[in-house]
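S.K.: Structure, please.
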Amino acid sequence: FISLDCGGEGGYNDTHTIHWTSDEHYIKAGVKKTISVAEFVGEIQRPFKQLRSFPQGKRHCYNLPAMQERNYIIRASFLYGNYDGLQSQPRFELLIDANPWVSVVINSTRDIITEEVIAMARSASISVCVARSTDDIPFISALELRPVKPSMYPAVTRDYSLLLLFRYDSGSLSNSRLRYPEDEFDRIWGLSRKSKGLLCVNTTDDIRSGNLFYVPSSVFRTAFVTNDTGSRITWQWNVEQTGETGKYYIVICFAEIQKLSDNAFREFSVFIDRETRSTVLLTEYLDSKTFYMEYQTPAEKLEFSLDPTNRSKVGPVVNAKELYQFSSLLINGTQSEDAGALADIARHLNLEKEWTGDPCLPTQYSWDWVTCSQDSSPRIISVNLSGKGLIGTIPASFCNLSALAILDLANNTLTGPIPDVLANLPKLIELDLTENNLNGSLPIGLADKQRNGELFLRIDGNENICQPGSCMNTHKKHRSRALILSLIIVGVATLAIITAVMVFLKYKSRSANSRGKPEGMYLDLVKVDGCRSFSYEEVRAMTGGFAREIGKGGYGRVFYGCLQDKEVAIKILSDISDQGITEFSAEVDVLSKLHHKNLVKFFGYCTDGKNMVLIYEYMCNGDLRKRLDGSSHNDLDWDKRLKIALDAGQGLEYLHLGCKPGIIHRDVKSSNILLNESLDAKIADFGLSKTGPLDGATHITTLVKGTTGYLDPEYYTAHRLTEKSDVYSFGVLLMEIICGRRPVFLDSSSSENIHITNWVYCSALLKGDIESIADPTLLNKHSRSYIIGRFGHALYIPIFHEQASNER
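M.R.: Sure, this is the predicted structure:
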C-alpha cells in the first residue's frame, strides 16, 4: 500500500492499522496548510488535519511506483476546511497520467470528498495530478494506491478504467464503513440505508464465497431481505453523465445467510431498467453468487429490482452492490523514452518542483519550455531553457530525445564540458549554448556537423571552450600566464580601489539629485520618457500579492493585475544577465514611444532592487499560438483568422513605415500575437527590436536573434537585417494561421522534422493539393471551392517570398 498524508508529517498508523507517510518524497511543489478547527465539532482524524495547496503553476503531479500492466485502486481525498480563510468553493481537475480523471467541486468546508478509480498501470509508475481549470487553487488531503489481483474487475484494460460511483454493504451491524483489514484490498464499503419493508439479517458463519471480486466475508455475513415472500427489493441510483461513454459496470453480491426449512430455496430475477438481466438461485445455506455486467444507457437514473420467482419459497436477498462508470484512456501520453528523458533532465536541473507529469499532454497543461510533435504519442522536438537560471552540468539524458531538433540552453550558468553524446542526436539542427560557463573541447561530432552545415551551433560567451585539438596548446600556456597574472595583480588591486571610490562619489551625487524617483539597479539603462515608473510595492498591490499567474516561459512569469480601473498583465522577467537587461531596456524604450491599435498597450515598468517588471494591457484570449494549439481553435473560422492576420500586418506596417526611423521587430511569431476579448490582434514583445537602416543604408549587420522557424534565411546566413526579415516571419505566421501547424514539426510520413514553408510548397504548389495543408477544423466549416479560392490566394505571397529567399 501507498498512503500519503498530503501536507502532513506522516509516520503513523491509523485506527485501521494503515501506515501513513508524508508526501514530501513524492512531490516538491505546493505549500503545507492546516485546516481551520473552528469549522468542526469534535476531533478531526488524520490525515485530514493538513493538506497540500498549489497556488502556483498549472498542474502538479505525484509519481507513484507501480508494476506495469497491473490494476490498482487509486483514491484521492479532499477536505477544504476553510484552510485559506476565504470560505470559497474551489473547483479543479484530477488527472491520471495524461488522461482526465474527474472534476473536483468543493461545495462544503466540512465534507470529505473522495474520488476513486481502478486503472491499469501503463508503465512502472502512475502519475496522479491536480490541475487548474479556473482561477481556483487546487489542493489535496490524502492519496492512496492499492494493488488488486489480476483477475478482479476484468473490465479494466489499458484503454478503460472504472470510476467508482457507489459501493455499499447491505445490512451492516456497524455504524462505520468497512475497509482494511477486513477488506484486504482496502476497498471502502459504505453503509446502505434500509428501505421500508426490508429486514437486516446476519450470520457469524463463514461464507463459501470463492467470488471473482474477493468481496470480504464480513460483507457477505450481513444482508437485506424482504418481510414476506412475494415482495421485491428495489433501489435506484442517480448518475451524472460525466464519462464520454455512458457505460457502467455493475456488481451485486448475494448469499444465503438464513437457515431455510427443508426443500426451501431462494430464487429471484435481477431487473435493470425493468428488463430481466439474470436469475439468481440460492439452494444451500452459506451459498453465494455474484452478478456483474457491463451496461450502457443515456439515462441519468438506473433502476434496479430483485423480484422473487413464482417457485421461490422466500423473498430476494442482497448483501452488497457496486456501480462504476467506464472512462476511456485514449491518450497514450508522450513517447515513453522522451518522457523519461525529460523527467531525468528536470531532476538534474532542479526543475521538477514546477514541471511534473506528462510534458506534452493534455495540451493545456504541457510544459512551457518544450515543443511537441502532433503525433498520437507526441515526441519532443524542441527544448528552450534559455534564461532559466540553470546551474550545474548539461544532462547527458538529452541524448535520449531522439526526435529533438532544437536545443536552447543559452543565458544560464551551466558548467563543465559539452557532452559528446549531443552529437548523436540524429535530428538536431540547432544548438544554442551561448552565455554559460562551459569549458573543455568542443566535441568533434558537433564540430563536424557545424562544418558540414548540418547544425547551427552557438557557443560564444563561454570563454573556456576551445576547438577540437587546440586545448593542449592552452595547457602549455598556463605557466607563463600565471607569471603574468602575478605581476599585474598589484596594479589591478590598486586600480579597483580607485574605481570604487569614484563610483561611490558618483552614486552619492546621483542619489542626491534623484528627486524621489525609484532607485533600481537597472534604472540608468532605461529611458523613462513617455511611460510611468512603479515601485515594487505598487506592483505587488496591483496583483493582490501575485495571486493569479496567467503565463510562464523562458522570459519569466506573468500575473494578472488591476491598475485603477484597467486590467493589466504584469511580466516579471527572470533573466537578469546583460542580455536580459538589454532586452528589457529596448522594450521599455520602444513601447514608451509607440502607440497603435495593433501594438500591445504599455503602461509602465518597475526596476526596484533586482526586479525587472513590465506592465501591459491585459489580453484575455492569450497568444495566438496557444489558441491554435488548444481546443478553442475550433472557434477560429476563416474570417476570424483573416482578421487576426490583417491586424498583425497593420501593426507590422506601422513599425516599418509609420515610425521614423522604422523599427524592425525581429521576433514576429504566433506566441507574440496577443488577442483581446474581441479577438483583435496586437503585436507584443519588443525586447529584440532594432531601429531600421539609416542614411540610405540597405541593411544592418548584426548578430542573429529571433526564433527558429521564423528566421529569414538571408538574415540567418549573412547577418543582414532588413524590414524584409519581419516580412518573412509574417509569411510563416500566415501559414501557421492557415495550416494550424507550428513552423517546424515532425512529418508523420517521413518521420523527419520539416519546415512549414517546405511542406506547404510541396503540397500546395508542386502537387496542387491545397486542401491537404488547410487546418482540418477549417475543412469542416467551408466548402472545397471556398478553401481553394481563399487559401490559395493567401498562400501565394508567403510561398513566393520563401522561394525567393532560397534563391538569394
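
S.K.: most remote residue from the chain's center?
M.R.: Within the chain, the residue lying farthest from the chain centre (C-alpha atoms, centre = their mean) is residue 262, at 65.6 Å.

S.K.: if I look at it, how far off is residue 410?
M.R.: 89 Å (C-beta to C-beta, to the nearest Å). Bear in mind the C-beta positions are built from the backbone N, C-alpha and C, glycine included.

S.K.: how close does residue 220 get to residue 174?
M.R.: Distance, residue 220 to residue 174, by C-beta to C-beta: 15 Å.

S.K.: So between these two, which is more surrounded?
M.R.: Applying other C-beta atoms under 10 Å to residue 220 and residue 174 shows that residue 220 carries more neighbours, namely 24 against 12.

S.K.: so that one touches residue 257, yeah?
M.R.: Yes. Proximity of residue 220 to residue 257 meets the contact threshold set by C-beta atoms under 8 Å, at 7.4 Å.

S.K.: Now the common contact residues for those two.
M.R.: Counting by C-beta atoms under 8 Å, 6 or more residues apart in numbering, the shared contacts of residue 220 and residue 257 are 207, 319.

S.K.: And the strands in the stretch 201-350 of the chain?
M.R.: For the stretch 201-350 of the chain, the strands defined by DSSP state E, counting those that start in this stretch cover 222-226, 233-238, 247-255, 266-272, 275-282, 288-296, 301-308, 317-318, 320-328.

S.K.: Ok, which of the ones you listed comes nearest residue 36?
M.R.: Using C-beta to C-beta as the measure, strand 233-238 is the one of those that comes nearest residue 36, at 31.9 Å.

S.K.: Partner strands of that closest one, with direction?
M.R.: Here strand 233-238 is paired, per DSSP bridges, with strand 301-308 (antiparallel).

S.K.: Okay, angle between the strand it pairs with and strand 247-255 too, please.
M.R.: Here strand 301-308 runs at an angle of 30 degrees relative to strand 247-255 (axes from the mean of the first three to the mean of the last three C-alpha atoms, to 10 degrees).

S.K.: burial measure for the residue lying closest to residue 66 once chain neighbours are set aside, as a count.
M.R.: Using C-beta to C-beta, 6 or more residues apart in numbering and skipping the chain neighbours, the partner closest in space to residue 66 is residue 121 (3.8 Å). Residue 121: 22 surrounding residues under other C-beta under 10 Å.

S.K.: For residue 121, grab phi and psi.
M.R.: phi -70, psi 120 (degrees, to the nearest 10).

S.K.: Could you check how far it is from residue 449?
M.R.: Residue 121 is 40 Å from residue 449, by C-beta to C-beta.

S.K.: Kindly report the same for residue 12.
M.R.: Using C-beta to C-beta, residue 12 is found at 57 Å from residue 449.

S.K.: pLDDT weak spots in the stretch 451-600 of the chain?
M.R.: Within the stretch 451-600 of the chain, the segments meeting pLDDT under 70 span 469-530, 553-555, 575-580.

S.K.: again, but for the stretch 701-808 of the chain
M.R.: Along the stretch 701-808 of the chain, segments meeting pLDDT under 70 span 750, 763-770, 780-808.

S.K.: so what's the closest residue to residue 122 other than its chain neighbours up against?
M.R.: In this structure, residue 122 finds its nearest non-sequential neighbour in residue 158, 6.2 Å apart by C-beta to C-beta, 6+ apart. Counting by C-beta under 8 Å, 6+ apart, residue 158 touches 69, 120, 122, 329.

S.K.: The same query, at a cut-off of 10 Å, please.
M.R.: Residue 158 is in contact with 69, 119, 120, 121, 122, 329, 332, counting by C-beta atoms under 10 Å, 6 or more residues apart in numbering.

S.K.: ok so, going back, ok, residue 12 and residue 449, which is more surrounded?
M.R.: The neighbour count for residue 12 versus residue 449, taken as other C-beta under 10 Å, is higher for residue 449 (20 against 13).
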